[in-house]
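# Here's my sequence, what's the structure:
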Amino acid sequence: MPRDPTRRRKREDGMEVCNHRCKRTCVNKRSRSILWAKEGNSCVRHAKRMDLHPNCQAPCPASTRGHYVRDATPDDFGAAIKSMLDANMREAAIDVFFSKNLVDWKEGRANWPELPVASDHTTDFDDVPQDAGPSHQQFVDVADERRHDGNEDESDDAMDLLPIPAVGAKMSQTTSRSASIATSAASSAPSQVNPFLCFPEPDARKTIKLLYIPDPSRSHDRIKDVAHHLSWVKRYLAEDHLASIQHLKGFYVKARTSRDDLDAVGLPYRMTEWLWVMTCLSDHRSDDGLKSFDISYMTWEDFKDVLVDPRSEKNKMRWDFIRSHELLIGGLDYTIDTSDPHCAYNLHGDDRRRYDATLSALMQVAKFWPPVPSLQMAGYKWNTVAILDMIAVKHGWRRPKTTLLTPGCPIPAGTVLKRSHSDCGDFVILPEEDVRGTGAAATSERDRRNALRTWEELNARTSSPEQRWVSQDYVDSLAVFGEWRFFIVGGHVICTVHTMKMDDDNDVWHGRRVWQFRSLAEIRELWRNHQDVPVTADVLVNPQTGDRRQRAKGWEELRSFIDAVYRGLVIQESNPSGLRSSLTVFCRMDIGLMFDGEGNPSYFVNEIERTPTMSMWLKVVEDTTNRFMFDTFARVLHSHVTRLDDLYTF
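Predicted coordinates for the structure are as follows:
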């Protein structure tokens, strides 16, 4: 009988310890101690791995089936707490860890078990020789490492919140500790022991703690505002999902019940697309049944308040809560205009500087997806455009010419004007050639657009020096044929949606799921006679005629184009940093169609989207494909983060 998804599984409370005595006591890298949470059975999976315990045999208690782990005792709690304190964990974070797994845990150091004078399970940093190896790391007082130039550094207060490694240190605190333990164990091991056993143990698959901060620009309170909103979708939520997001007012609303809801499992709600993505990630499990993500939620206002002033009494616990997560999605979107006084983030002046300083400190202990530096780079847009131009030149493709404008220079007529750091088509000025018709209304619209093409108007729409304007060749086929939006997960196209703007004044869009594609040869033939027989989007999207070979050719041409662009972008973005681009996890590639003077068609990339605010057009895609895409995203994201944590190359 299938499991009722609305029925919540009872959580298993308690802590346990690996029962192996055939080697030095096993340390859980996540808790930085000998303790594992019973929930999820991660300790059992660890203890069963013989590659981690190659010398296990009697009288080791774990060599007997069924005795792999044992319940943690108060002495174990004391030893674990000492290990955590040695690893510079805050007392509040330690209380959060134990409270989550022990129902009767009492917070406050006065209520803790007695701590051992010297732990039998871990090696203190001070006990490790200075030449213990490249993994050894020292931590020093931040104040001793500051170099002042006469002015107070804005980021000093934020950096004081974290331990800063000494000059020359290369590894994180957790990694350094595990490596030091391994080194100490090696020094006391018998000479006949295989020296390769002294290398750090590989990480077993784990549940990643993820914190999601919904973007405030997508918030709405009324059902009538979201019923047809592009970035909202109707879904059915189980009670446990509702309980986890109940404080996110403005990001989900109760939907009216219809006949279609009678047979559905769960309660009907309308919610933002990315909030639905997070619920899908929270449901995902690995092949062995382990939960991939343990997701928490925090409003933007709370997150902003903490990062602006993490030292305040009311924010200390919340700061430790934020730092306890391994991965964060959300926060300030650096690709859009965050300096506008009416921006939904409402973060300006000194508060913005303090936020950025604390964020720099937070990025040292937690990962962001997408990484903040990649968002800052993408915000300029023209860096990506330059890469797309290089790729087009390499393959002989046509692209609209883009010219960076210098303030005060002549503004080319008949071009599209675009500004960096903009969202959803904001700060785009189309030329008068885009206006159809000959009546008074059309003439008035042309005059209005021409009046905007002055530096006085452009400067009035620029709120910071980093925002730059460009002129780009006008591609009229975008208005005629729209765009194909390809959703790429892990380097593979999962879903395609075709979109067209139907009403500029009311920002009305039409989207449809795409299954079939015409070949460029077919499009060329249709365009040759377009004066007599108009070619519309309906003719090109999901053609009603054509055999399997023709449709396969159309898809192969597009697939080859997408693959070449994707490869070029990833390589160009990865090479400077030496890190894999965030595009390899999840992105959206918007592709248009343009023609040369002889009527030859070619594809071009109009936009690359990579932020957790990008529209995904879930309303026009079948639920099975949506869920398939997000389950794939969960697997790829988990693998991506896990690879970043694997610090040992062999």
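# Can you pull out the low-pLDDT segments for the stretch 251-400 of the chain?
Along the stretch 251-400 of the chain, segments meeting pLDDT under 70 span 262.
# ok, 90 please
Within the stretch 251-400 of the chain, the segments meeting pLDDT under 90 span 254-268, 286-289, 335-343, 376-383.
# Now do the strands in it.
Ranges of strands within the stretch 251-400 of the chain are 252-254, 267-272, 293-297, 327-330, 367-368, based on DSSP state E, counting those that start in this stretch.
# In terms of secondary structure, what does the longest helix seen in the chain contact?
Using DSSP state H, we find that the single longest helix of the chain is helix 548-577. Contact partners of helix 548-577 among helices and strands, from 3 or more C-beta pairs under 8 Å, 6 or more residues apart in numbering; DSSP states H and E: helix 372-379, helix 382-395, strand 483-489, helix 520-528, strand 586-595, strand 601-609. Using the backbone N, CA and C atoms, a C-beta is placed for each residue, glycine as well.
# change it to 10 Å
helix 372-379, helix 382-395, strand 483-489, strand 492-503, helix 520-528, strand 586-595, strand 601-609 (3 or more C-beta pairs under 10 Å, 6 or more residues apart in numbering; DSSP states H and E).
# Touching, residue 341 and residue 463? I think so.
Yes - counting by C-beta atoms under 10 Å, residue 463 is a contact partner of residue 341 at 8.0 Å.
# about what we covered before: figure out which of the strands of the stretch 251-400 of the chain is closest to residue 242.
Ranking these by their distance to residue 242 (criterion: C-beta to C-beta) puts strand 267-272 first, at 7.1 Å.
# quick one: strands adjacent to that closest one?
strand 232-237 (antiparallel), strand 252-254 (antiparallel) (DSSP bridges).
# Throw the helices and strands packed on helix 548-577 into TSV and include distance to residue 307, thanks.
Output for the helices and strands packed on helix 548-577, formatted as TSV (distance: least, C-beta to C-beta, whole Å):
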stretch	distance to residue 307
helix 372-379	12
helix 382-395	26
strand 483-489	30
strand 492-503	34
helix 520-528	50
strand 586-595	25
strand 601-609	25
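# how about CSV for these, with mean neighbour count added?
Rendered in CSV, the data for the helices and strands packed on helix 548-577 read as follows (neighbours: other C-beta atoms under 10 Å):
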stretch, mean neighbour count
helix 372-379, 18
helix 382-395, 16
strand 483-489, 22
strand 492-503, 17
helix 520-528, 17
strand 586-595, 21
strand 601-609, 20
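# out of those, nearest to residue 542?
strand 492-503 (8.1 Å).
# angle of that closest one against strand 586-595?
Counting by axes from the mean of the first three to the mean of the last three C-alpha atoms, to 10 degrees, strand 492-503 lies at 60 degrees to strand 586-595.
# hang on, the earlier thing: show me which of residue 341 and residue 463 is the more surrounded one.
Neighbour tally, residue 341 and residue 463, criterion other C-beta atoms under 10 Å: the higher count belongs to residue 463, 16 against 7.
# what are the ranges of the helices in the stretch 151-300 of the chain?
Assigned by DSSP state H, counting those that start in this stretch, the helices in the stretch 151-300 of the chain fall at 156-159, 173-188, 223-226, 239-245, 273-283, 300-308.
# Tell me the buried residues in the last one?
Of the residues in helix 300-308, those buried under the neighbour-count criterion (16 or more other C-beta atoms under 10 Å) are 300, 302, 303, 304, 305, 306, 307, 308.
# Where does the residue located most distally from the centre of the chain sit, in terms of helix or strand?
With distances taken from the mean C-alpha point of the chain and given as C-alpha atoms, centre = their mean, the most distant residue is residue 532, at 48.5 Å. Taking DSSP states H and E as the definition, residue 532 sits outside all helices and strands.
# which residues does it contact?
Remark: with contacts taken as C-beta atoms under 10 Å, 6 or more residues apart in numbering, residue 532 is in contact with nothing.
# Give me the pLDDT for it.
The predicted structure scores residue 532 at 85 on the pLDDT scale.
# Against residue 634, how distant is the most centrally placed residue in the chain?
Taking C-alpha atoms, centre = their mean, the centroid of the chain lies closest to residue 369, which sits 2.8 Å from it. Here residue 369 is placed at a distance of 12 Å from residue 634 (C-beta to C-beta, to the nearest Å).
# before we move on, what about residue 329?
Going from residue 329 to residue 634 by C-beta to C-beta gives 12 Å.
# likewise residue 336?
Here the criterion is C-beta to C-beta. By it, residue 336 lies 26 Å from residue 634.
# now swap in residue 114 and tell me
On the measure of C-beta to C-beta, residue 114 and residue 634 end up 42 Å apart.
# repeat for residue 28
23 Å.
# repeat for residue 283
Separation of residue 283 from residue 634 (C-beta to C-beta): 8 Å.
# joint contacts of the two?
Overlap between the neighbourhoods of residue 283 and residue 634 consists of 292, 293, taking contacts as C-beta under 10 Å, 6+ apart.
# is it true that residue 32 touches residue 79?
No - taking contact to mean C-beta under 10 Å, the distance of 11.8 Å between residue 32 and residue 79 leaves them out of contact.
# tell me the contacts of the nearest residue to residue 343 once chain neighbours are set aside?
Nearest non-adjacent residue to residue 343, counting by C-beta to C-beta, 6 or more residues apart in numbering: residue 337, 6.4 Å away. With contacts defined as C-beta under 10 Å, 6+ apart, residue 337 is in contact with 343, 345, 379, 419-423, 426-427, 461-464, 467.
# Also residue 387?
With the criterion set at C-beta under 10 Å, 6+ apart, residue 387 makes contact with 565, 568, 569, 571, 572, 573, 605, 608.
# Using a markdown table, please lay out these together with distance to residue 277 and pLDDT.
A markdown table is the format used below for these (distance: C-beta to C-beta, whole Å; pLDDT from 0 to 100):
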| residue | distance to residue 277 | pLDDT |
| --- | --- | --- |
| 565 | 24 | 97 |
| 568 | 27 | 96 |
| 569 | 22 | 96 |
| 571 | 27 | 95 |
| 572 | 27 | 92 |
| 573 | 23 | 90 |
| 605 | 24 | 97 |
| 608 | 19 | 94 |
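# so which of those would you say is closest to residue 36?
For the contacts of residue 387, the nearest to residue 36 is residue 573 (37.8 Å; C-beta to C-beta).
# so how far is residue 584 from that closest one?
When distances are taken as C-beta to C-beta, residue 573 and residue 584 turn out to be 9 Å apart.
# between the two, which one's more packed in?
residue 573 (21 against 18).
# Surely the more buried one and residue 582 touch.
Yes - at 8.2 Å, residue 573 counts as touching residue 582 under the criterion of C-beta under 10 Å.
# Mutual contacts of the two, please.
Residues touching both residue 573 and residue 582 (C-beta under 10 Å, 6+ apart) are 374, 378.
# ok, back up a step: just say which of the strands paired with strand 267-272 is most tucked in.
Most buried of those, by mean neighbour count (mean count of other C-beta atoms under 10 Å): strand 232-237, with a mean of 21.
# Under the pLDDT cut-off, which ranges of the stretch 1-150 of the chain? List them.
Regions of the stretch 1-150 of the chain meeting the criterion pLDDT under 90 cover residues 1-15, 18-150.
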